[in-house]
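Enquirer: build the 3D model from these lines:
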Amino acid sequence: MTMRSVAYVGTVALLAQVFLTQGCGSNAPSTTGSNGGTTSAGGVISTGGVTSAGGVTSTGGVTSAGGSTVVASTGGTTTPYTAGTGGSTTPASTGTGGSAGTTGTGAFDPLCGGLLTAAGPAPTKNGICTADDPQLCYKTCGPASVGFKSETCTAGMYVEQSGCSFPPDQDYSCYKVNNDSSGALILDASCPAAVPQANTVCSVNTCILCNVSGGYLDSSGAAKVGYCVCPAPSAATGVSKWTCAASTAWPCPAGKGC
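Expert: Predicted structure coming up:
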């Protein structure tokens, strides 16, 4: 009798343990969702991927620990890359070249005014020169500086050309000398009675040669034998000034058009 009671008690205890164990779990069985995921007993939903213990779904959706699923589109929303507009390019500016020295015309090149010597000044008559200095250059001469004369380094000194040379392709008819039978200049009635002086104001028409007793005054006031003409007014000042030259530096009668 005692052995049967003990067996009965053990059976009851075993059943009680079974019922107790089932009572601690959920009564809802595991189910498979329509999207292919599995809902676990704890309420965690998988969206088709593997859900880690922390509830993060590998397919891009994040599942909270409480069982609600935050649905994210596969891969997330992609914002297309927009290429930036390239910055504007400013082309390099070419620098302006330095000004060249003054040049003459054709065979009369270069002009002395654009050159320097070891002593400092530009080549000029009786100026000192060395083998390293310009050996030949030209200065302007004649009325309105239409002619040229050379400065040549000779034995350590610049020797100036006698007279004046004129480019052969120019028209010098405006400087034509009209002499009377005695060889004196035939003066126009508009020429002044006073001796004309170079670089002073004049009012005679262009291409009219004037002098007094065969001479004129240079810009320093020194008396010279030669002629003067009154050119058109300067564009800068609107004033005409005598331009004069010695008879040895006059383009006519030797020049073209004379």
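Enquirer: give me the domain ranges for this structure.
Expert: The chain breaks down by automatic domain parsing into domains covering 112-160, 171-258.
Enquirer: can you pull the contacts of residue 247?
Expert: Shown in contact with residue 247 (CB atoms under 8 Å, 6 or more residues apart in numbering): 225-227. Backbone N, C-alpha and C define where each C-beta goes, glycine included.
Enquirer: the same query, at a cut-off of 10 Å, please.
Expert: Taking CB atoms under 10 Å, 6 or more residues apart in numbering as the criterion, residue 247 is in contact with 163, 177, 185, 211, 214-215, 224-227.
Enquirer: likewise residue 220?
Expert: Residue 220 touches 197-199, counting by CB under 10 Å, 6+ apart.
Enquirer: do the same with residue 135
Expert: 123, 129, 151-154, 158.
Enquirer: could you check how far it is from residue 160?
Expert: Note on residue 135: its distance to residue 160, by CB to CB, to the nearest Å, is 14 Å.
Enquirer: what touches both of the two?
Expert: Residues touching both residue 135 and residue 160 (CB under 10 Å, 6+ apart) are 123, 151-152.
Enquirer: strands of the stretch 101-250 of the chain, residue ranges please.
Expert: Ranges of strands in the stretch 101-250 of the chain, per DSSP state E, counting those that start in this stretch, are 136-141, 147-154, 157-160, 215-217, 223-229, 243-246.
Enquirer: compute the number of surrounding residues for the residue lying closest to residue 215 once chain neighbours are set aside.
Expert: Excluding its sequence neighbours, the residue lying closest to residue 215 (CB to CB, 6 or more residues apart in numbering) is residue 225, at 5.1 Å. Residue 225 has 12 neighbours, counted by other CB atoms under 10 Å.
Enquirer: for residue 225, what are its contacts?
Expert: With contacts defined as CB under 10 Å, 6+ apart, residue 225 is in contact with 211, 213-216, 246-248.
Enquirer: can you tell me how far it sits from residue 167?
Expert: Residue 225 is 24 Å from residue 167, by CB to CB.
Enquirer: again with residue 199
Expert: Here residue 199 is placed at a distance of 23 Å from residue 167 (CB to CB).
Enquirer: which of these two has more residues huddled nearby?
Expert: Shown here are residue 199 and residue 167; by other CB under 10 Å, residue 167 has more neighbours (17 against 13).
Enquirer: pLDDT weak spots in the chain?
Expert: The model of the chain has pLDDT under 70 over residues 1-105, 254-255.
Enquirer: try 80
Expert: 1-106, 253-258 (pLDDT under 80).
Enquirer: please, where are all the helices along it?
Expert: In the chain, the segments counted as helices under DSSP state H are 2-24.
Enquirer: surely residue 127 meets residue 117?
Expert: Yes: in this structure, residue 127 is within contact of residue 117 by CB atoms under 10 Å, at 6.9 Å.
Enquirer: what residues do these two have in common as contacts?
Expert: What both residue 127 and residue 117 touch, as defined by CB under 10 Å, 6+ apart, is the set 133, 153, 158.
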